[in-house]
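**Q** Sequence first, then the predicted structure, then my questions.
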Amino acid sequence: MEQRAPGKGLLKVIGILLIIGGVFCILQSVYSSALVSMLSLPKEELAPNTAAIFQEMGLTVQKAQLSAATSSIQGILYLVAGIFGVRNCNKIEKSQICFACGILLIIFVLFNTVIAGVISKDWSSALLSGIAALTFPVLYFMGALKNRQAMQGK
């Protein structure tokens, strides 16, 4: 008799949302890479209003590079975890893979929250956005945990 996967719904829905989010993160990294290119130009080559906007926003090459790198990593992690969640949502014997992906996603979001707080020096907004960013990873983890518990109780 095949064991029912109690975390199927959470893993499937959140997995699909993570795939969509991963695609957007990868697009964001492309955008950030374009910003790095623009910021790397000598100030004389930028339009004066563009240079003023970058300066007013506090954008630097280093911040744009960090943004591109974290967006790329986040996009890849979200895509991989989302695909594993959708493919294995009904397979409790594969629950350990989804469980590990959930932990990895949570650690990555916490790491990004700390980095954002350090860079921006605005801990209140970094913590609020970090809490919001934890929503999908925590729900994904809960679905994986339900399947893992079903596997252990088998």
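**A** Here it is on my side, so go on. Keep in mind the model is a prediction, meaning the values are calculated, not measured.
**Q** other SSEs contacting the helix of greatest length in the chain?
**A** Of all the segments of type helix in the chain, defined by DSSP state H, the longest one is helix 8-40. Where contact means 3 or more C-beta pairs under 8 Å, 6 or more residues apart in numbering; DSSP states H and E, helix 8-40 is packed against helix 48-57, helix 61-88, helix 135-152. C-beta: built from backbone N, CA, C; applies to glycine.
**Q** weakest of those in terms of mean pLDDT?
**A** In terms of mean pLDDT, the lowest-scoring of these is helix 48-57 (a mean of 74).
**Q** Go ahead and confirm residue 151 touches residue 95.
**A** Yes. Taking contacts as C-beta atoms under 8 Å, residue 151 lies within contact range of residue 95: 5.0 Å.
**Q** So which of the two has more stuff around it?
**A** residue 95 (24 against 17; other C-beta atoms under 10 Å).
**Q** May I have the secondary structure class of the more buried one?
**A** Three-state assignment for residue 95 (DSSP: H, G, I helix; E, B strand; the rest coil): helix.
**Q** which residues touch it?
**A** Counting by C-beta atoms under 8 Å, 6 or more residues apart in numbering, residue 95 touches 5, 7, 88, 144, 147-148, 150-151.
**Q** And the residue nearest the centre of the protein?
**A** residue 74 (3.8 Å; C-alpha atoms, centre = their mean).
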